[in-house]
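fold the stuff below for me.
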Amino acid sequence: MLNLRIVGMSAALALAACTQNDDEITRRVRDRLTNDGIADQVQVSTQRRIVTLEGVVNDVPEMNRAEMAARNVPGILGVDNRIVVKNPVNITGGQMEPPRAP
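Residues are numbered from 1 along each chain as shown. This is a model prediction of the structure:
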């Protein structure tokens, strides 16, 4: 019975530490996005040390900068990049045509 209490207490402490780390990770990613000038475009959340990025940016380089800002924060386990690029570029470097109505 004592072993179960110890395991339960350890799990509760680990969860509390994980939440505290998640908040710190989120703050650090936001700070880096602010330094890159794209903090207003990207929302950051962290759960169990996995950073989720959401929002709309102007181009692929901005999306890549946001993801690298998150990946370079110590303590993360991964990045879920859900950022949408407003002006995607095709592989030849030109702007993609908007879809045509049928």
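
count of residues packed around the nearest residue to Ile50 once chain neighbours are set aside?
With sequence-adjacent residues excluded and distances taken as C-beta to C-beta, 6 or more residues apart in numbering, Ile50 is closest to Gly78, at 5.0 Å. All C-beta atoms are positioned from the backbone trio N, CA, C, and that covers glycine. Gly78 has 12 neighbouring residues, counting by other C-beta atoms under 10 Å.

show me the contacts for Met63.
Contact analysis of Met63 by C-beta atoms under 8 Å, 6 or more residues apart in numbering lists Val57, Asn81, Ile83, Val85.

that should have said Ala66, apologies.
Leu33, Asp36, Ile38, Val42, Leu53, Gly55, Val57, Asn81, Ile83.

leaving out chain neighbours, which residue sits closest to it?
Val42 (5.0 Å).

next, give phi and psi for that neighbour.
Per-residue torsions, Val42: phi -120, psi 130 (degrees, to the nearest 10).

residues touching it, list them.
Leu33, Leu53, Glu54, Gly55, Val57, Ala66, Ile83.

try 7 Å this time
Taking C-beta atoms under 7 Å, 6 or more residues apart in numbering, we find Val42 in contact with Leu33, Leu53, Gly55, Val57, Ala66, Ile83.

check Ile83 too.
Neighbours of Ile83 in contact, by C-beta under 7 Å, 6+ apart: Val42, Leu53, Glu54, Gly55, Val57, Met63, Ala66.

ok, what's across the strand from it?
Gly55 (DSSP bridges).

can you start the count at 27 instead of 1 from here on
Yep, numbering from 27; the last one is Ile109 now.

which residue ranges of the protein form helices?
With helices called from DSSP state H, the chain shows them at 28-62, 86-97.

that older thread, by neighbours, which of the contacts of Ala92 wins?
Counting neighbours by other C-beta under 10 Å, Val68 leads the contacts of Ala92 with 25 neighbours.

any chance of the contacts of Ala92 in CSV, plus pLDDT and distance to Thr52?
Listed next are those as CSV, based on pLDDT from 0 to 100; distance: C-beta to C-beta, whole Å:
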residue, pLDDT, distance to Thr52
Leu59, 96, 11
Asp62, 89, 16
Ile64, 91, 15
Val68, 96, 12
Leu79, 98, 11
Gly81, 97, 14
Val83, 94, 18
Asn107, 97, 15
Ile109, 97, 16
